[in-house]
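Engineer: Quick one, what's the 3D model for this:
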Amino acid sequence: MDPVFVQDFLPDSALLAGRQAPKLTKRQQYLQLLIDKATALANALPTAATQQDAAALQQSLDHLIQVNDDEKLKPPILPNWASYVWQSPPPKGETEGYWHAVKVEALLPKRCYVNGDQNTKGVQDYDKFDCCASGENKDKFPWIRVYNTHWMMRRCYEMWDENGCVKVRVSRFDEDHSLQGSVIKFLNGLPLWKFLYRHPLHAGDPLSAILTVIGSKNCAAADDNAAGAYMSNSATNTAADPNASVCYPAVEALIHQGFISETCARYELEPDPTNSDKWTYNIIFRDCKSCCRSSPEYHKLQDD
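Structural biologist: Below is the predicted model:
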């Protein structure tokens, strides 16, 4: 391989490797915690000489097992969105790189609530989308209930929470680049096409004030290992993100000036149209405004 070619990519590789450090550090802390727990348990076993010590140790073990089982049955509700902001390296001839922001949202059972607010779980989100999962438990994807009937002589399998909708939305913002049009031009000098980095109809607060907040020590420059990058899934201050209440509004202000794409799909169990004794499972992409309708609503153009 051409050594000059390799050297061209070394600075970027070093930068990306540095930005991986917080993730690897977090993983190391988690694994070390598991090692510490296992070591403490191993050290406690030989000292459980008396019946009282053994009973206390057994009680601790039972508690750990119960906590683990409870989390399996009812895992903690996680945020349904995450935002990432970063500043790219400066282009040639420039001193500052361009800012970019991406927000990904997933609306589905157990995460179908208003922008991360767990108190509104099961309520339509801010654009009136409803996961509309059927059944008694609206926090589950389709699952199989197993039970016995006829004096425990017959084993039954029944599908529950079989119908519902899911939605994924991706929003992206890019700071205007100095290159506004293609280098290929018509004979009159106009570029063949013009790039749009921000949505022309989503003008918002001046970017200078927003980017000042994003680039401050509170947000994208808070960690030297990830300078110029900021990721969060909380709108309020947490131990992992103590400045979320300051950074979150600034990130949202960027996102609102970008482009949005979204996809919705409905999953449903219906009788097989070719055989009334059988059922079929359908997964259909739908318009997000009519995803919960029992039958698809096809949208025609005005001139159709």
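
Engineer: can we go C-alpha only for contacts and neighbour counts from here?
Structural biologist: Noted.

Engineer: how many neighbours does the nearest residue to residue 131 once chain neighbours are set aside have?
Structural biologist: Excluding the flanking residues, the one nearest residue 131 by Cα to Cα, 6 or more residues apart in numbering is residue 165, at 4.7 Å. Counted with other Cα atoms under 10 Å, residues neighbouring residue 165 total 29.

Engineer: if I read this right, residue 165 contacts residue 140, doesn't it?
Structural biologist: No: using Cα atoms under 8 Å, residue 165 is not in contact with residue 140, being 11.6 Å away.

Engineer: Isn't residue 84 up against residue 232?
Structural biologist: Yes: counting by Cα under 8 Å, residue 232 is a contact partner of residue 84 at 6.7 Å.

Engineer: How much space separates residue 155 from residue 147?
Structural biologist: Counting by Cα to Cα, to the nearest Å, the gap from residue 155 to residue 147 is 6 Å.

Engineer: swap in residue 261?
Structural biologist: Taken as Cα to Cα, the span from residue 261 to residue 147 is 43 Å.

Engineer: same thing with residue 86?
Structural biologist: Using Cα to Cα, residue 86 is found at 52 Å from residue 147.

Engineer: More neighbours: which of those two?
Structural biologist: For residue 86 and residue 147, the more surrounded residue by other Cα under 10 Å is residue 86, and the numbers stand at 21 against 11.

Engineer: now that one, which residues is it bridged with?
Structural biologist: residue 100, residue 229 (DSSP bridges).

Engineer: which ones are touching it?
Structural biologist: 99, 100, 101, 220, 228, 229, 230 (Cα atoms under 8 Å, 6 or more residues apart in numbering).

Engineer: cool, residue 218 as well?
Structural biologist: Residues near residue 218 by Cα under 8 Å, 6+ apart: 243, 246, 247.

Engineer: Give the buried residues for the helix or strand encompassing the second one.
Structural biologist: Using DSSP states H and E, the element containing residue 246 is helix 244-255. Of the residues in helix 244-255, those with enough neighbours to count as buried (16 or more other Cα atoms under 10 Å) are 244, 246, 247, 248, 250, 251, 252, 253, 254, 255.

Engineer: a markdown table please, covering those and showing distance to residue 80 and pLDDT.
Structural biologist: Below are those laid out as a markdown table (distance: Cα to Cα, whole Å; pLDDT from 0 to 100):
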| residue | distance to residue 80 | pLDDT |
| --- | --- | --- |
| 244 | 16 | 89 |
| 246 | 20 | 90 |
| 247 | 18 | 91 |
| 248 | 15 | 91 |
| 250 | 19 | 91 |
| 251 | 16 | 91 |
| 252 | 15 | 91 |
| 253 | 19 | 90 |
| 254 | 19 | 90 |
| 255 | 16 | 89 |
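
Engineer: what's the closest of those residues to residue 176?
Structural biologist: residue 254 (12.0 Å; Cα to Cα).

Engineer: Return the distance of the residue most central in space within the chain relative to residue 99.
Structural biologist: Nearest residue to the geometric centre of the chain (Cα atoms, centre = their mean): residue 81, 4.2 Å. For residue 81, the distance to residue 99 (Cα to Cα) stands at 20 Å.

Engineer: tell me the contacts of residue 279?
Structural biologist: Residue 279 sits next to 269, 270, 271, 272 when contact means Cα under 8 Å, 6+ apart.

Engineer: one more time with 6 Å, if that's ok
Structural biologist: Contacts of residue 279 were listed using Cα atoms under 6 Å, 6 or more residues apart in numbering, and they are 270, 271, 272.

Engineer: If you rank those residues by neighbours, which is first?
Structural biologist: Result: residue 270 is most packed of the contacts of residue 279 (other Cα under 10 Å), 14 neighbours.

Engineer: what helices or strands is the helix or strand harbouring it leaning on?
Structural biologist: Assigned by DSSP H and E, residue 270 belongs to strand 259-272. Counting by 3 or more Cα pairs under 6 Å, 6 or more residues apart in numbering; DSSP states H and E, the packing neighbours recorded for strand 259-272 are strand 164-174, strand 275-286.

Engineer: That one vs strand 164-174, what angle?
Structural biologist: Here strand 259-272 runs at an angle of 160 degrees relative to strand 164-174 (axes from the mean of the first three to the mean of the last three Cα atoms, to 10 degrees).

Engineer: And what about residue 216, helix, strand or coil?
Structural biologist: Following DSSP: H, G, I helix; E, B strand; the rest coil, residue 216 is assigned to coil.

Engineer: quick one, phi psi at it?
Structural biologist: Main-chain torsions, residue 216, degrees, to the nearest 10: phi -80, psi 170.
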